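[1] what's the 3D shape of this:
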Amino acid sequence: MKRLLILLLFCLLANESSFAQFIYAPCKDPLKVENITYYCYEDYEPVCGCDGNTYRNYCVAENQYALNRGNYNFGPCTNFDYDLSPNQVVDFLRFKIYKKKAGYFIVTIYDVFGHIYFTRVYAYNDLNAKYLPFEITVGGFEQGLYIMEIISDNEQKIKKFFKVNLN
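    Model (predicted):
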């Protein structure tokens, strides 16, 4: 019995860091399976996970990507993040941007061939708000796939959207 206890103690001490992570709230729940099809509300309230990834909201972090409850901070992991809605755009492209500090950001919209359809510099001054909403008129764009690029504080984020015509 003593030998078994000594062997068990030796195994635990040899792998102390992973054992400590398991006992002291690991980043991801080892008993939970990631389920990216789990339904979470659509609200954009970014959280920075302990794994360094930004998630849409805490529901997505906990239920779709199996982060342990509370193993995230509210806000993106980087200096800014943004969300497009809706992704199938008819007349207006709406986006919400979250920045950790005041400043400027540049929005550029390209078609799939790299032609610039829109570019503009915006100011972000209200740090008391969780995010700031913006809107771009895209009614004159041709139907198709577009790429929206935002650059701020030497960081670049890119997302795609599809412009549809209802005619």
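[2] tell me the SS of E62?
    helix (DSSP: H, G, I helix; E, B strand; the rest coil).
[3] what's the nearest residue to it if we skip its chain neighbours?
    Closest residue to E62 apart from its sequence neighbours, by C-beta to C-beta, 6 or more residues apart in numbering: R69 at 5.9 Å. Quick note: C-beta positions are derived from backbone N, CA and C, even for glycine.
[4] Do you know the pLDDT at N125?
    pLDDT for N125: 83.
[5] what's the burial count for it?
    Applying other C-beta atoms under 10 Å, we find 11 other residues in the vicinity of N125.
[6] The helix or strand hosting F161 - contacts with which helices or strands?
    Element membership of F161, judged by DSSP states H and E, is strand 155-163. Under the contact definition 3 or more C-beta pairs under 8 Å, 6 or more residues apart in numbering; DSSP states H and E, strand 155-163 sits against strand 80-85, strand 88-89, strand 144-152.
[7] and with 10 Å instead?
    Judged by 3 or more C-beta pairs under 10 Å, 6 or more residues apart in numbering; DSSP states H and E, the packing partners of strand 155-163 are strand 80-85, strand 88-89, strand 92-99, strand 103-111, strand 144-152.
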